[in-house]
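S.K.: pasted the sequence and its predicted model underneath.
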Amino acid sequence: MANKTTFTPEEWRQLLEGVMMSSMAVSAADPSGLWGMLKEGFASAGALADIKAKGGSNELITAIVDDFGTSEGRSIARDGLKEKFSDAKAPDIKIRSIESLRQLSTLLDSKAPGDAADVKIWLRDIAQRVAEASKEGGFLFFGGERVSEAERATLEEISSALNVRT
């Protein structure tokens, strides 16, 4: 089983960023305004909290979540995202996030083949939770759809980048 010591510091940063990339790609695909953005952020945080509360069956996922529980881990992820997205707009954020997930998929396959599938599925599940967090296209909290067409397409792109079947 892989853990933090399996990866170089740069590779570990990629893993931490991957959690946020899966969320950001969906959010950027169909921005939901302030309230929707908050709901989507809580959905992503909830995915981490679930692993923390229930305990994960995968040692690598648990290590990633544990590192997000530290200020150092959050700083590593945040600093990496600032570097990658300082000049980006919503379409670029989605494209760059998906490309980062594709690179992360390759990294996982090479460095942690026994854990790769579980981590990739978990990242895809985070994206799904974010997509379902806020209705899109309604008016004054009425109508709309749980997952927009743009979000569905992005979920497919994420699945493809991670080489995960839906």
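M.R.: Yep, it's here.

S.K.: now the strand or helix carrying residue 63: buried residues?
M.R.: Here residue 63 sits within helix 59-68, counting by DSSP states H and E. Of the residues in helix 59-68, 59-61, 63-65, 67-68 count as buried by neighbour count, 16 or more other C-beta atoms under 10 Å. For glycine as for every other residue, the C-beta is placed from the backbone atoms N, C-alpha and C.

S.K.: quick one: list the elements packing against the helix or strand that that helix is followed by.
M.R.: Per DSSP H and E, the first helix or strand lying C-terminal to helix 59-68 is helix 71-85. With contacts taken as 3 or more C-beta pairs under 8 Å, 6 or more residues apart in numbering; DSSP states H and E, helix 71-85 sits against helix 9-29, helix 59-68, helix 90-111.

S.K.: could those helices go into TSV alongside mean pLDDT and distance to residue 150?
M.R.: Below are those laid out as TSV (pLDDT from 0 to 100; distance: least, C-beta to C-beta, whole Å):
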stretch	mean pLDDT	distance to residue 150
helix 9-29	93	5
helix 59-68	93	27
helix 90-111	94	9
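
S.K.: tell me which of the ones you listed sits most buried.
M.R.: Across those, the average number of neighbours (mean count of other C-beta atoms under 10 Å) peaks for helix 9-29, which reaches a mean of 22.

S.K.: any chance of the helices and strands packed on helix 71-85 in CSV, plus distance to residue 128?
M.R.: Below are these laid out as CSV (distance: least, C-beta to C-beta, whole Å):
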stretch, distance to residue 128
helix 9-29, 8
helix 59-68, 16
helix 90-111, 14
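
S.K.: which elements pack onto whichever strand or helix holds residue 130?
M.R.: Residue 130 belongs to helix 113-132 when assigned by DSSP H and E. Here helix 113-132 touches helix 9-29, helix 33-54, helix 59-68, helix 90-111, helix 149-162, going by 3+ C-beta pairs under 8 Å, 6+ apart.

S.K.: residue 123 is nearest to which of those?
M.R.: Residue 123 sits nearest to helix 9-29 of all the helices and strands packed on helix 113-132, at 4.5 Å, using C-beta to C-beta.
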